[in-house]
Structure formats: C-alpha cells, structure tokens
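S.K.: Fold the stuff below for me.
(chains A and B)
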Amino acid sequence: MFIPHTDADRAAMLRAVGIEKLDDLFKDVPARYRFPTLNLPTALSEMEVSRELQDISLANESVHDLVCFLGAGVYNHYIPAAIDAIIRRGEFLTAYTPYQPELSQGTLQAIFEYQSNVAALTGMEVCNASHYDGATAVAEAVNMAYANFRRKRTKIILSPAVHPQYRQTVRTYAEGSPVVLVGDDPQIDLKADPDSLIPLIDIDTALVVVQYPDFYGRIYDYTKLAEATHAMGALLAISVNPIALGLLKAPGYMNADIVTGEGQPLGIPLSYGGPYLGLFATRKEYVRKMAGRLTGETVDNRGQRAYVLTLTAREQHIRREKATSNICTNQGLMALASTVYLSLLGKNGLRQVAELCFHKAHYAAQAITNLPGYSIWSPAPFFNEFVIQTPTPVSEINDLLLDHDILGGYDLSQDYPDLSRHMLIAVTEMNTREEIDRLVEVLSEVSNG
Amino acid sequence: MNIPSTLKYTESNEWINLEGKTGTIGISDYAQDQLSDIVFAEVIVNEGDILKKGDSIATIESVKAAADVYTPVSGKVIRVNEELGGAPEVINSDPYGAAWIIKVELSNPGETDSLLDATAYDKFVQEQK
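M.R.: Take a look at the predicted model:
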C-alpha cells in the first residue's frame, strides 16, 4: 500500500532543502503561468460526461458490428469468456512487479506457465516473461544478437516479408547505433523465397530475421536458411503467428536461435495499438543475453515448490550499462490472458482453431480466384492469410465492402509501392461460410465492372 | 583469506601475475568469497584486442550478484582462458590458478607501480570488513 508523507515528513524535507513552503520550489516559474486560466467549456456532471462519451463511442465500428477480413499482424479470433473472468481478479489485475516471491506466487506461477507454453509452442528452450508486442520483440532480438557478438557484428538482415511495422520499429531501435539493416530495400523481388537472402549473409552478420507465416501469409521451411546463417556464425530469428504453430512445424525444429511473435491471437482483443503481447524465446545458451525478466521454479525452505524471478543478476535495473536492453517490464496481464487461452483450448483445441483458419482461408482464396479479374499473387502455401491481385485499387474495393458492413483486407500499396491493387485477406475461425460467400459476392460486383 | 605475496592487486579485487612483459589476470580469493557461488563467467575480450587499463575484460555472475572484471594494466590480449565459461565454479575453488582469465602483453609496464602488493591489499581487504 502506498503511504503518503505526513505533514511532519514534509516539514522535515522543506527544512532540509532550506525553504519554508512547497510553493517556494516553483518560484522560478512566473506566477501567471502557474495557474493559467484555461479556455474550457463549462464543467459537466458525471452523468452528462458519461452520456457524451457513450455517444462518441457509438460512432465506432468494431469487429462486433462488421464482418472482418482484416489481419496483417493482428487477428479476430474468438476469446473465451473465462479469460476476462480470470484476468480481472484483483490478485492478477495489478501493475505491481512480482519482485517479492513471498507475496506473488500466483502471478509468478502464471508467468512460469506462460513461459512453458510459449517454449513448447515454439520448440525453444527458454522463454522470457514477454515484451510489449510482436514489433518490439523483433527489435529486442536485434539488440540481443548485436550484444551476443559483443557489438562486433553490425549487419542485420531483414526479410522484406517481415511485417513493415516491425521493420520500422527495428529501425527506430537501431537509430544512432552502428547496426546496419539490409535485405528489405525496395528493389528486392518481393516474390523471392527466403533462400534469396542467403547471399547477403556474411561474417559481419549478427542476425537474419524472417517471419512465419510471412507478412503475405506464405509458409516456408527455414531449415536451409538456418543452416546458411549458422555457417557464417550468425543467428536466425523467426517471428511467428502463434495460432499457426498449432498446425505447422515449430521454428525450434528449423534450428531458429530466437523466436519472437505477436501473442495477440491468443485470447487478446483487437485494439488500436494494444496492449498486445510480445513473445520471445531462445536457446538456453543465450539465456543471459535475453532481455526482459524470467520466472523460474525452485523449492522454498520447507521443500515446497515455489516460483521466483530468476537470473535477475543480468537484469537491466541491476547492470544498466551492460544490459542488452533498457526494457525490463513485461505484459503480465496479456501474458496471463494467453496462458488462460492456451489452457482452455489445449493442444487439440489450438490445432482445431488453426485448422479452421487454414481451411476457411483456402475456401475463400479458391472462391475469390474463381472471379474474373482476381488472382492469387503467390503460389507458395499459406496459412490463414493470402494476397489477392485486384482489378481496381484496394481502397475503392474496401469502401464498397464497408458499405456492405465488411471490413476488407489490408491494402499492401501502403507499404509496398510495387503492390498496388494487392489485398492481403485474413480469414479466421470467426468467419462463417456465409460471410465468406458474401465477401466473394461483393468482390464479384467489382470484377463485373 | 589467501593473498599470495608474489602477485599484485587492485582495489577492484583483480590480481595480476607479472612475468617479464606478460601479465596473467584473475580475481582474488576475497572477491570470489564476497561473490559466493559463481554460476557464470564470460570473457568479453578476444586474443589480439588492445586494452586500456580499466577496460572491462569479463563478466562474472554468482547466485547473488553480477560483477565486471577490469584489466589492471594496458596491453594486448595474448591468451584467453577458454575453459572458464564451461567451469565458472573454478573461480571459487582455485582463484589464483585454474581461474586465470586472460594473459596480457603489457604496453606500459610503468602502470604496475601503482598496483597494490600483498601487504597493501591485505590491509585494503581488512578495511572492507
């Protein structure tokens, strides 16, 4: 509990700094700026404010009002009601960091189970307590690889098929450091498969980053890329969609050194910018280079199983200048949501969700490519998302779809000028066959002119 | 506390064994005792690196703390103890022997004049307690 200072405490502090009253601290601020008169409308009562905000919020159209085929990194999956019921419990719904294990066994156990889930899902040995989101997790992978080679290897290869926002985040993190980011310059053939990155890998390369499925929804086995990366002594990071791992080979089995991902599909609602969940897993040999916190299992002085934050000696608040990252917080509540989600679904449930996404997406892709004027962009296998070449600009099609209460796919021309008239369509278990048929029907209006 | 009289010491608890222009560097018995059980050690310099006195050469983690090790002298790294990472516990059991960290070819032997001898280091350690 937070205990504010008493009047006596304040008086003692004022005496210590040699002033009489608190206001003396602000005397450098001209008096007229201390409490300026603000040009605000008259105050409203709570009831009036509540009504006004309600009216404003009604103007929003969410995935509850629209049929959603928009993905591009975050996905509209079903969220079981039990998740909210559990994460809203007072014991969990706290911003407090579980540094004191004697007070925080529940939170620590939840983080431990989260780590175990993500490690199992990704096929990796160690997982941290999470980062902010999929984008920052990739940026942390870059930081870690750079630190791993003691800042002697400065080249990072980013596949152009890594989420554009992730690549932007990595560039922001790398600004002002000697790290050089290559591989995604606009001249590159976007259709090329990941093995086309191999000639770029050299002994100055710290990390190669790819996405699985990639931003265009395509599925590749990165085993050969991992081999080529390791031949040059570099590390391979794979950014994943965790739902896809219910069906696909885990990246650990492709010999990835780091696996990151956006955990939002695991029971976290869509919202503008988050809070989301950054997954981060790696091999045991890199555990001391990994940013973020880690929960471990131990026994207490009575021999009972207990959970504690572990390897904290490498944490940022202790060795600030030597830390791999300056961020040591984690998305505790979102990590818990994903843990509850995975526990509710279980192995078979997750596979079922993944299969539904896969089959529905393939049904949609088939129906859309049957329309004149539409074709699928890449012949590569895909999971729940695919790129369609459209007969007219995507923004126009999306306007029309919105008139029919359908949220259309992602307009790729925003990020890839070469991909004008290319739409990235996502399908999840939430989309019924009727909804997909309706999408195809509206699209057919465009193809017919 | 074991403080061999043949070595020189620093106030950050490194030792150096001088043989002509070559110096072997490690951490003292007092340092390992203060750190308690050491679980991780990583030498962060490579053979051929040119060091300035005070540069960080290794990171050591025990169950209760993490510490950096600094070179007491300037010079070129001529050998790195490759065994240390795989067996960090030797820092506890044999701090002046198997737990050497690097060997350096001194570029400025005059720097050793300011290091502590065993008597001075012993006094320094007593003052810390």
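S.K.: which other residues reach stretch A:364-382?
M.R.: A:69, A:191, A:193, A:213, A:216-220, A:361-362, A:386-391, A:419, A:422, A:425, A:427, A:431, A:436-437, A:439-440, A:443-444, A:446-448 (C-beta atoms under 8 Å, 6 or more residues apart in numbering or on different chains). For every residue, glycine as well, the C-beta is placed using N, CA and C.
S.K.: and it, how far out from the chain's middle?
M.R.: Distance, stretch centre to chain centre, for stretch A:364-382: 28 Å (C-alpha atoms, centre = their mean, to the nearest Å).
S.K.: Quote the end-to-end distance of it.
M.R.: End-to-end span of stretch A:364-382 (C-alpha to C-alpha, to the nearest Å): 12 Å.
S.K.: Counting neighbours, which bits of that stretch end up buried?
M.R.: Within stretch A:364-382, the residues that count as buried by 16 or more other C-beta atoms under 10 Å in any protein chain shown are A:364, A:365, A:367, A:368, A:371, A:374, A:377, A:378, A:380, A:382.
S.K.: Tell me where chain B has helices.
M.R.: B:29-35, B:90-93, B:118-128 (DSSP state H).
S.K.: so can I have CSV of these showing distance to chain A, mean pLDDT and mean neighbour count?
M.R.: Formatted as CSV, those follow (distance: least, C-beta to the nearest C-beta, whole Å; pLDDT from 0 to 100; neighbours: other C-beta atoms under 10 Å in any protein chain shown):
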stretch, distance to chain A, mean pLDDT, mean neighbour count
helix B:29-35, 10, 94, 20
helix B:90-93, 15, 96, 18
helix B:118-128, 21, 93, 14
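S.K.: Distance to residue B:112 for the ones you listed - can I get that in JSON lines?
M.R.: JSON lines is the format used below for the helices of chain B (distance: least, C-beta to C-beta, whole Å):
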{"stretch": "helix B:29-35", "distance to residue B:112": "19"}
{"stretch": "helix B:90-93", "distance to residue B:112": "23"}
{"stretch": "helix B:118-128", "distance to residue B:112": "13"}
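S.K.: Out of the ones you listed, flag the one nearest residue B:65.
M.R.: helix B:29-35 (5.8 Å; C-beta to C-beta).
S.K.: among the helices of chain B, which is nearest residue A:206?
M.R.: Here helix B:90-93 is closest among the helices of chain B (C-beta to C-beta), at 28.9 Å.
S.K.: Now do that closest one: which elements does it pack against?
M.R.: The helices and strands touching helix B:90-93, judged by 3 or more C-beta pairs under 8 Å, 6 or more residues apart in numbering or on different chains; DSSP states H and E, are helix B:29-35, strand B:38-43.
S.K.: In which helix or strand does residue A:173 reside?
M.R.: Residue A:173 belongs to helix A:164-174 when assigned by DSSP states H and E.
S.K.: Could you list every helix and strand in contact with that helix?
M.R.: Under the contact criterion of 3+ C-beta pairs under 8 Å, 6+ apart, helix A:164-174 touches helix A:134-148, strand A:155-158, strand A:180-182.
S.K.: so residue A:425, which of the three states?
M.R.: Judged by DSSP: H, G, I helix; E, B strand; the rest coil, the three-state class of residue A:425 is strand.
S.K.: gap between it and residue A:253?
M.R.: 29 Å (C-beta to C-beta, to the nearest Å).
S.K.: same thing with residue A:128?
M.R.: Counting by C-beta to C-beta - residue A:128 and residue A:253 are separated by 21 Å.
S.K.: Looking at these two, which is more packed in?
M.R.: When residue A:128 and residue A:253 are compared for neighbours, residue A:128 comes out ahead with 27 against 13, by other C-beta atoms under 10 Å in any protein chain shown.
S.K.: count of residues packed around the nearest residue to that one once chain neighbours are set aside?
M.R.: Leaving aside its sequence neighbours, residue A:128 sits nearest to residue A:292 (C-beta to C-beta, 6 or more residues apart in numbering or on different chains; 3.9 Å). Residue A:292 sits with 22 neighbouring residues when counted by other C-beta under 10 Å.
S.K.: ditto for residue B:9
M.R.: Using other C-beta under 10 Å, the number of residues around residue B:9 comes to 24.
S.K.: so which residue of chain B comes closest to chain A?
M.R.: residue B:66 (3.9 Å; C-beta to the nearest C-beta).
S.K.: Quickly note the distance from that residue to residue B:13.
M.R.: For residue B:66, the distance to residue B:13 - C-beta to C-beta - is 14 Å.
S.K.: who's more crowded, those two?
M.R.: Set residue B:66 next to residue B:13 and count neighbours by other C-beta under 10 Å: residue B:13 wins out with 24 against 19.
S.K.: Now do the more buried one, the pLDDT please.
M.R.: On the pLDDT scale, residue B:13 is placed at 95.
S.K.: The one 5 residues further on now?
M.R.: Model confidence at residue B:18, expressed as pLDDT, equals 95.
S.K.: Same check on residue A:328?
M.R.: pLDDT, read off for residue A:328, is 68.
S.K.: so what's residue B:86 up against?
M.R.: Contacts of residue B:86 by C-beta under 8 Å, 6+ apart: none found.
S.K.: Who does the residue of chain B closest to chain A form a beta bridge with?
M.R.: Judged by DSSP bridges, the bridge partners of residue B:66 are residue B:61.
S.K.: Count the neighbours of the closest residue to residue A:257 other than its chain neighbours for me.
M.R.: Once flanking residues are discounted, residue A:257 sits nearest to residue A:235: 4.0 Å by C-beta to C-beta, 6+ apart. Look at residue A:235: counted by other C-beta under 10 Å, it has 27 neighbours.
S.K.: Tell me both backbone torsions, phi and psi, for residue A:235.
M.R.: Main-chain dihedrals, residue A:235, degrees, to the nearest 10: phi -110, psi 150.
S.K.: ok, it to chain B distance?
M.R.: Using C-beta to the nearest C-beta, to the nearest Å, residue A:235 is found at 17 Å from chain B.
S.K.: Just give me the residue right at the centre of chain B.
M.R.: In chain B, the C-alpha nearest the mean C-alpha coordinate belongs to residue B:26, at 2.4 Å (C-alpha atoms, centre = their mean).
S.K.: ok, the residue in the stretch 151-300 of chain A that chain B sits nearest to - contacts?
M.R.: The stretch 151-300 of chain A approaches chain B most closely through residue A:288 (6.2 Å), counting by C-beta to the nearest C-beta. The neighbours of residue A:288, taking C-beta under 8 Å, 6+ apart as the test, are A:311, A:314, B:40, B:42, B:61.
S.K.: Was I right to think the last one contacts residue B:40?
M.R.: Yes: here residue B:61 reaches residue B:40: they are 4.0 Å apart, a contact under C-beta atoms under 8 Å.
S.K.: Can you pull up the residues of chain B that come close to chain A?
M.R.: Within chain B, the positions near chain A by C-beta under 8 Å from any C-beta of the partner chain are B:40, B:42, B:44, B:59, B:61, B:62, B:64, B:65, B:66, B:68.
S.K.: how about the helices of the stretch 51-200 of chain A, start to end?
M.R.: Using DSSP state H, counting those that start in this stretch, the helices of the stretch 51-200 of chain A run over A:81-87, A:105-122, A:134-148, A:164-174.
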